[in-house]
Every structure is written in C-alpha cells, then in structure tokens.
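can't give you the sequence, but here's the structure:
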C-alpha cells in the first residue's frame with residue numbers, strides 16, 4: 001500500500017475518533033473529552049495534509065508509477081499544468097475537496113480556540129450537551145469521513161496497471177498520457193480549485209444550520225454567516241471563471257451552454273444566495289426560523305448532487321467522468337443521509353405553538369420574502385431539469401421554463417434596491433413605476449431596434465413574445481436597481497474604513513449582479529453571427545466591420561504545430577484591432593483544436609473562430625471563419641468582479657452586532673438608548689413591536705417614548 005493511502009487511512013481513523021470523543025463529551029460533559037476531540041481533529045488534518053502534499057509532489061516529479069499521474073500529466077508540461085493534473089481526475093479532485101473540508105473544520109476550531117467566536121457558541125463545560133459550535137464541527141466532519149472512505153476504495157495513489165486499451169501503458173506512453181489539450185490552460189489551474197473551495201466552505205454553514213435546529217441557539221449565525229459569504233464568493237468566481245474559460249477556449253461563441261454539469265453547479269449557488277438572505281433576516285428579525293436552516297441543508301445536498309453529476313457517470317457532459325460503484329453509492333448515501341437526518345433535526349426545531357420561544361414571525365419585508373421564495377423555486381426547476389435530462393439539451397429548455405420566474409426576480413430586485421435607496425417611497429409606487437416602465441419597454445424596444453435580428457421566444461400565434469420584448473420588460477427594472485445601488489454607494493458612510501467597507505459591500509455586490517444580468521440579456525438578445533470566407537488581398541464586411549486576411553504563418557512550439565492567421569478589423573475607416581485565430585495540433589496526443597481570437601471594445605466583442613483552411617496542392621487559398629458580435633460582454637466580466645469584491649468587502653468588514661435582548665427589552669432605560677448604534681436601535685424596535693425604519697434620531701425618539709416611565713420626561717438627542 002502506498003504511503004499516501006496509509007496517510008488517508010490514518011486521517012479517517014482520527015476523524016472517527018474526533019466524532020467519538022465529541023459524542024462522549026455530549027453525554028458526559030467532561031472537558032478532557034473535548035480536548036481529546038481537538039487533538040484527534042488536528043491529527044486528521046495533519047495526516048490528510050501530508051497525503052495531499054505527497055500527491056502534489058508525485059505530479060511535480062512525474063511519478064508515472066501512479067496511475068493518476070500517468071493518466072493526467074506529462075513529463076514535458078509546465079509545473080503548474082502538472083499540478084493541475086492533481087484535480088483533473090476523479091480521485092484527486094475528491095481528495096482535494098476532502099482536504100478543504102477538513103481545513104475549514106480546523107480553521108473554525110482555531111477561531112473558537114482563539115476566542116473570536118465568543119463563548120455563546122459553546123455549551124458551558126459544566127453542563128452536558130453540545131453547543132451549536134460543537135454540533136457544527138461534528139456534523140461537518142461526517143461528510144469528510146465519508147469522502148475519506150471513498151478515497152480508500154478509489155485511491156489517487158493506485159499503481160499503474162495494464163488496461164484493455166493499454167496492455168503496457170509505459171511502453172505506449174512512457175512520458176505520460178498527457179493532459180487533455182482543452183485543459184492545458186491557466187483556467188485549469190484556477191477554475192476547479194475555486195469551485196472546490198466554495199463546495200468545501202458550504203459544509204460549515206450546513207452543519208451550523210443543523211446545530212441551530214438542534215439547539216435553537218441564535219449564535220449559529222456567528223458561525224455560519226461568514227463561511228456562507230466566503231463560500232458564495234468562491235462559488236461565484238468559480239462559475240464566472242468557468243464561463244470565461246468556455247468563452248475564450250471552447251470556441252462556440254458563448255459562455256453558458258446549460259450543460260448538465262454547469263446547471264448542477266449553478267443550483268447550489270442559487271440556494272446559497274437565498275440562504276444568505278434568509279440568514280441575515282433570521283439574525284436581525286428572527287424570521288425564517290425554519291426556512292433558513294432548510295436552505296442551508298438543501299445547499300449542501302445540492303453540492304453533493306453537483307459532484308455526483310460530474311463524477312457519477314450517468315450524465316453526458318464534457319465535464320463528466322466515469323465512476324465506480326463505491327463512489328456512486330457513497331454520494332447517494334451522503335445525500336439521502338443528510339436529507340433524512342437534517343430534515344429530522346429541522347422538524348424537531350420547528351415552532352409548535354405561539355408560546356414557543358422559536359415562534360415564527362411574520363415577515364416585515366415582502367419583497368425580500370418573495371426574492372427568497374423565487375430563488376428556491378428557480379433552484380427546484382433547475383434541479384428537476386438536470387434529473388430528467390441526462391444528456392445535452394438546447395438552452396431553450398431551461399430558458400423558456402425559467403423566464404417568467406426570472407422576470408419576477410428581476411422585478412423584486414428592482415423593488416428591493418429602489419426601496420432601500422429611497423426609503424420614503426411606498427412599495428406600491430415602486431411596483432407601479434417598474435411595471436409601467438417594463439410594459440413600455442416591451443412595446444417600444446422591438447420597434448426602436450427593428451433593424452436588428454429578433455427571434456420568437458414564446459410561440460403563441462398572434463400573441464407570440466420575442467426575445468427583444470422580454471429584454472425591453474426587464475431592462476427598466478435593472479436600471480432602477482442600478483440607480484438604487486449607485487445612490488447607496490455614493491451616500492457617504494459614517495465611521496472608519498471598516499464601517500465604509502461594511503456599508504458599501506452589499507451595494508457593490510448587488511450592482512455586480514445587475515451588471516451580469518444586463519450583460520446576459522444583451523449577449524443573448526442582440527448578438528449577430530455569420531460565416532465568412534477570407535482570401536488574401538480581399539476584404540469582407542459584416543455588422544459595420546471590415547475583415548481582411550493579412551498574413552498566414554506556420555510554426556512549431558514544443559509539442560504544438562501552430563497555424564496562425566492575421567486578420568485586421570476596421571470600422572468606419574478606423575482600425576479596431578488585429579485578430580489571430582489559430583489551429584493547434586498537439587503532437588503528443590495527436591489532436592487538433594481551434595483557438596479563438598476576441599477583439600474587445602467598450603460596447604461589444606468581435607469573436608472569431610477558424611473553421612476551415614481552404615488549400616490545394618499545398619497552396620493556401622482562403623480561410624473560413626465564424627464571426628459573432630456579442631454586445632456588452634464587458635458588463636458580464638466587470639459585474640463578476642464587482643460582485644466578488646462587494647461580498648469580499650462585507651466579509652473583511654465582518655463585525656458581530658449584538659441583537660436586542662428578547663426577555664428584558666422593556667427594562668432598558670431611555671438613557672441607554674443614546675449609546676446604541678442604529679442596528680441595535682432597529683433590533684430593539686423590533687423586539688418592542690415598533691417601526692424600525694427611519695433615521696437614528698427618529699428611532700431614539702420612538703424608543704424613548706416607548707420606554708419612558710410614568711411621569712418621566714422624554715429628552716432629545
């Protein structure tokens with residue numbers, strides 16, 4: 001047995017000890033068992049870290065005695081491509097993901113140990129039972145242990161052995177089978193790790209949600225919220241970088257193909273977005289006491305489902321691998337076990353009657369509630385779509401089913417952000433103005449742009465709806481949302497840099513989402529595409545651009561033979577740029593690929609893909625290319641960056657704001673109100689069933705009046 005596999009076995013054994021020690025501590029309350037659990041967890045993390053480091057080393061030194069190294073690497077590759085091979089295969093990617101889960105558990109334990117989470121997240125040592133923090137660590141270690149078991153049966157350190165297609169693998173490919181040419185890109189070193197980090201970080205919020213359901217301890221959000229935000233950042237970047245990779249490498253002219261693996265990765269992002277909003281409302285107002293933990297549970301189960309789609313072998317996708325029985329059964333068991341045990345825990349924690357401490361509160365923000373519900377329904381439709389379509393399907397399958405919900409979601413986004421920017425506006429005015437603007441846009445936009453290509457989206461005979469009409473309806477709401485976000489961002493924030501980051505973060509993230517949605521609408525509504533044949537010395541016009549083939553060159557770089565075509569692009573007599581689409585032939589794997597060339601302007605991309613070289617008798621005659629204009633793609637990529645920056649700013653400016661006490665709120669004196677910040681004032685207003693909207697001065701006046709004793713005068717601040 002390879003040393004790396006032995007280290008995985010040690011990590012599994014110590015992880016099981018960690019679980020056992022926590023269970024003993026649960027029933028005895030003896031502190032030494034908690035210390036033993038910490039030591040076991042540290043041992044599990046150390047062993048698994050050593051095993052992963054050994055796997056990375058095996059790839060860097062091209063140890064072809066290991067099957068995965070031989071299959072996903074090559075001796076002539078750059079070091080970073082060799083390292084990327086560690087997560088290109090099934091077992092290596094599972095190991096990397098498992099290590100990230102254990103790392104997050106270790107970090108959370110260290111945060112607790114250093115006292116940053118607060119004593120309220122842990123049961124007192126003198127009492128039996130586990131606090132929400134310990135329940136979080138216990139529940140998070142369970143999936144890690146399951147994956148370690150999978151790694152023992154499907155080890156990334158398995159020896160290279162004869163196969164049906166390669167009876168003597170080293171004789172056939174002594175320098176390794178080599179990495180797929182489509183994976184020999186910097187994006188391979190970035191995209192999978194981002195997704196794996198996001199997947200791993202979701203484990204902590206899932207476990208904290210179960211801990212909350214079991215303990216009803218409001219401190220669960222102290223544990224969950226920061227990890228949820230971090231997971232959301234990495235998932236957003238992972239999906240975004242994957243879209244960029246598809247756009248610049250695969251050469252089909254788009255960035256989102258509704259592939260089963262793409263959709264399965266999108267579903268947990270949607271539920272995580274809903275989970276974030278529900279957590280915030282639960283922390284601030286006590287709402288979503290059942291829905292918030294349920295969304296946390298669903299997000300984790302959907303992450304496991306996305307991994308199962310990629311590695312389960314049943315779905316046809318360019319991303320998918322074949323899978324063994326143990327891996328398949330482990331994924332199914334983990335999903336079913338999480339649903340059953342998590343569902344039982346959440347059901348137990350449901351409020352039973354109005355006198356319960358955990359009584360569900362009526363929502364104070366209907367637009368937010370509608371947003372959370374819409375996100376949940378969209379996730380359900382996407383999930384069902386992946387289940388019933390295990391092969392490639394046209395994008396219209398999802399688009400036609402999701403569009404009505406997406407339009408409502410955009411409307412809710414516009415309403416929420418507008419009302420937060422202009423608090424004196426009544427909600428029905430916001431709804432009315434947006435609906436009116438949407439109807440006007442749906443009618444006017446197709447007529448104003450009648451010269452552009454349009455297509456029928458819903459074929460309803462005389463009542464058919466076109467893509468441009470839908471774009472005209474949603475764009476006004478997105479513009480309202482953009483205006484609201486800009487207004488809140490430009491409004492000066494009080495306090496130091498941390499307060500500024502804390503205030504600007506969510507508005508920056510929402511602005512990024514608006515940019516992404518506008519970019520998606522534009523690129524899918526106003527694009528144009530054609531095939532051109534370019535001969536030396538001649539020019540061809542398309543969409544206001546002139547294309548001219550200037551030069552053809554051939555060269556060899558390492559294992560690649562390159563055919564490089566230089567095409568100048570001009571518009572109105574002014575040069576736009578020079579494109580260099582190419583054909584690449586990888587000699588080590590005998591495979592030919594086309595390399596895209598993209599000329600980007602502020603308003604659109606000119607996307608050029610070589611299709612065919614026309615030649616005879618060794619003489620070049622012409623090049624056939626596919627040209628596509630994609631408007632406002634710059635909004636897509638800038639929106640992605642803004643979204644991640646906004647959530648990152650909120651995460652860096654994390655600060656725990658104490659909520660107003662529920663039991664003794666009426667005992668607070670009017671004088672104490674003067675020392676409270678606005679968040680605490682609003683929380684106290686909610687506890688006392690007062691309106692929590694208005695300026696800080698108005699909130700203080702309202703609270704003083706409510707808290708004053710008979711005969712006591714109300715002061716002013």
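Looks like it came in fine. It should be emphasised that the depicted structure is a prediction, and the values quoted were computed from it without experimental measurement. Residues are numbered from 1 along each chain as shown.

low-scoring stretches of the stretch 551-700 of the chain, by residue?
Within the stretch 551-700 of the chain, the stretches with pLDDT under 70 are 654-669, 671-672, 674-680, 686.

try it again with 50
Where the stretch 551-700 of the chain drops to pLDDT under 50, the residues are 656-663.

And for the chain?
116-127, 354-361, 656-663, 714-717.

Now do residue 31: how many residues are near it, please.
Residues within reach of residue 31, counting by other CB atoms under 10 Å, total 11. All C-beta spots, glycine's among them, are computed from the backbone N, C-alpha and C.

scratch that, residue 384
Neighbour count for residue 384, taken as other CB under 10 Å: 11.

That one: what's it in contact with?
Contacts for residue 384 were tallied using CB atoms under 8 Å, 6 or more residues apart in numbering; there are none.

Find the helix or strand that it is a member of.
Using DSSP states H and E, the element containing residue 384 is helix 366-388.

Where do the domain boundaries of this structure fall?
As given by automatic domain parsing, the domain ranges for the chain are 3-393, 528-633, 660-717.

Let me know which of the ones you listed is the nearest to residue 408.
domain 3-393 (5.8 Å; CB to CB).

rewinding a little: can you redo the domains of the chain as TSV with distance to residue 649?
Formatted as TSV, those follow (distance: least, CB to CB, whole Å):
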stretch	distance to residue 649
domain 3-393	10
domain 528-633	25
domain 660-717	17
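
Point out the most buried one among those.
Per residue and on average, the most neighbours among the domains of the chain fall to domain 3-393, with a mean of 20 (mean count of other CB atoms under 10 Å).

From one end of that domain to the other, what's the distance?
44 Å (CA to CA, to the nearest Å).

in the stretch 251-400 of the chain, which spans are helices?
Remark: helices assigned in the stretch 251-400 of the chain by DSSP state H, counting those that start in this stretch are 260-285, 291-311, 325-348, 366-388, 396-421.

So which elements touch the first one?
By that I understand helix 260-285. Packing partners of helix 260-285 (3 or more CB pairs under 8 Å, 6 or more residues apart in numbering; DSSP states H and E): helix 186-215, helix 220-245, helix 291-311, helix 366-388, helix 678-687.

Now do the contacts for residue 560.
Counted by CB under 8 Å, 6+ apart, residue 560 has contacts 584, 585, 586, 587.

And for residue 102?
Shown in contact with residue 102 (CB under 8 Å, 6+ apart): 11, 15, 44, 45, 48, 141, 144.

where's it, which helix or strand?
Element membership for residue 102, per DSSP H and E: helix 90-113.

Downstream of that helix, the next helix or strand is which one?
helix 132-153.

still on that earlier bit, redo the helices and strands packed on helix 260-285 as CSV? Include distance to residue 517.
Formatted as CSV, the helices and strands packed on helix 260-285 follow (distance: least, CB to CB, whole Å):
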stretch, distance to residue 517
helix 186-215, 21
helix 220-245, 13
helix 291-311, 22
helix 366-388, 13
helix 678-687, 29
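
of all the ones you listed, which lies closest to residue 40?
That would be helix 186-215 among these, by CB to CB, at 17.0 Å.

The domains of the chain: which one's closest to residue 479?
Nearest of the domains of the chain to residue 479, taken as CB to CB: domain 528-633 at 13.4 Å.

what distance separates the closest one from the centre of its chain?
Domain 528-633 sits 34 Å away from the centroid of its parent chain (CA atoms, centre = their mean, to the nearest Å).

same thing with stretch 243-262?
With CA atoms, centre = their mean as the basis, stretch 243-262 stands 16 Å off its chain's centre.

how long is it end to end?
Using CA to CA, the end-to-end distance of stretch 243-262 comes to 9 Å.

what sits against residue 632?
518, 519, 522, 523, 603, 604.

Out of these, which comes closest to residue 237?
Of all the contacts of residue 632, residue 237 sits closest to residue 519, with 16.3 Å by CB to CB.

Tell me where the stretch 551-700 of the chain has strands.
Taking DSSP state E, counting those that start in this stretch as the criterion, the stretch 551-700 of the chain carries its strands at 560-571, 574-579, 582-586, 591-595, 597-600, 604-616, 619-631.

For residue 270, which non-adjacent residue is closest in space?
Leaving aside its sequence neighbours, residue 270 sits nearest to residue 379 (CB to CB, 6 or more residues apart in numbering; 4.3 Å).

Pretty sure the one you found sits against residue 274.
Yes. Counting by CB atoms under 8 Å, residue 379 does reach residue 274; the two are 7.4 Å apart.

Check the gap between residue 75 and residue 636 for me.
Residue 75 is 38 Å from residue 636, where distance means CB to CB, to the nearest Å.

residues in contact with the closest residue to residue 425 other than its chain neighbours?
In space, residue 425 comes closest to residue 419 once its chain neighbours are excluded; the distance is 6.2 Å by CB to CB, 6+ apart. Residues near residue 419 by CB under 8 Å, 6+ apart: 367, 425, 427, 430, 484.

which residues touch the third one?
When the contact criterion is CB under 8 Å, 6+ apart, the partners of residue 427 are 366, 367, 415, 419.

I figured the second one was touching residue 415, is that so?
Going back to what we said before, that points to residue 367. Yes. The criterion here is CB under 8 Å, and residue 367 meets it with residue 415 at 4.8 Å.

Measure how buried residue 487 is and give me the count.
If you count neighbours by other CB under 10 Å, residue 487 ends up with 15.

does it really touch residue 421, like I thought?
Yes. With contact defined as CB under 8 Å, residue 487 counts as touching residue 421 (4.3 Å).

Name all residues that make contact with residue 93.
Going by CB under 8 Å, 6+ apart, residue 93 touches 87, 192, 196, 311.

Recalculate using a threshold of 7 Å.
Applying CB atoms under 7 Å, 6 or more residues apart in numbering, we find residue 93 in contact with 87, 192, 196.

list the contacts for the last one?
When you say that, I think you mean residue 196. Neighbour list for residue 196: 87, 93, 96, 97, 100 [criterion: CB under 7 Å, 6+ apart].

again, 10 Å this time
By CB atoms under 10 Å, 6 or more residues apart in numbering, the contact set of residue 196 is 87, 93, 94, 96, 97, 98, 99, 100, 101, 234, 238, 307.

Verify the stated contact: the last one with residue 97.
Yes. Judged on CB atoms under 10 Å, residue 307 makes contact with residue 97 at a distance of 7.5 Å.

ok, back up a step: anything in contact with each of residue 379 and residue 274?
Common neighbours of residue 379 and residue 274, counting by CB under 10 Å, 6+ apart, are 295, 298, 299.

now the first one, nearest residue through space, not along the chain?
The shortest distance from residue 295 to any non-neighbouring residue, by CB to CB, 6+ apart, is to residue 275 (3.9 Å).

re earlier: give the residues shared as contacts by residue 307 and residue 97.
147, 195, 196, 199.

I'd say the second one and residue 265 touch.
Yes. When contacts are counted by CB under 10 Å, residue 195 is listed as touching residue 265 (6.6 Å).

Report the set of residues contacting both of these two.
Joint contacts of residue 195 and residue 265 (CB under 10 Å, 6+ apart) are 235, 238, 239, 242, 303, 306, 307, 310.

can you tell me how far the first one sits from residue 270?
Going back to what we said before, that points to residue 235. Distance from residue 235 to residue 270, by CB to CB: 10 Å.

Name the residues contacting each of those two.
Listed as contacting both residue 235 and residue 270 by CB under 10 Å, 6+ apart are residue 299.

Now the closest residue to residue 281 other than its chain neighbours. Its backbone dihedrals?
Excluding its sequence neighbours, the residue lying closest to residue 281 (CB to CB, 6+ apart) is residue 287, at 4.7 Å. Dihedral pair for residue 287: phi -80, psi 170, per degrees, to the nearest 10.

out of the contacts of residue 419, who's nearest residue 175?
Among the contacts of residue 419, residue 484 lies closest to residue 175 (CB to CB), at 57.7 Å.

In contact with that closest one, which residues?
Listed by CB under 10 Å, 6+ apart, the contact set of residue 484 reads 413-422, 430, 507, 510-511, 514.

Need the max-distance pair from those residues.
Top of the distance list for the contacts of residue 484 (CB to CB): 430 and 511, 18.0 Å.
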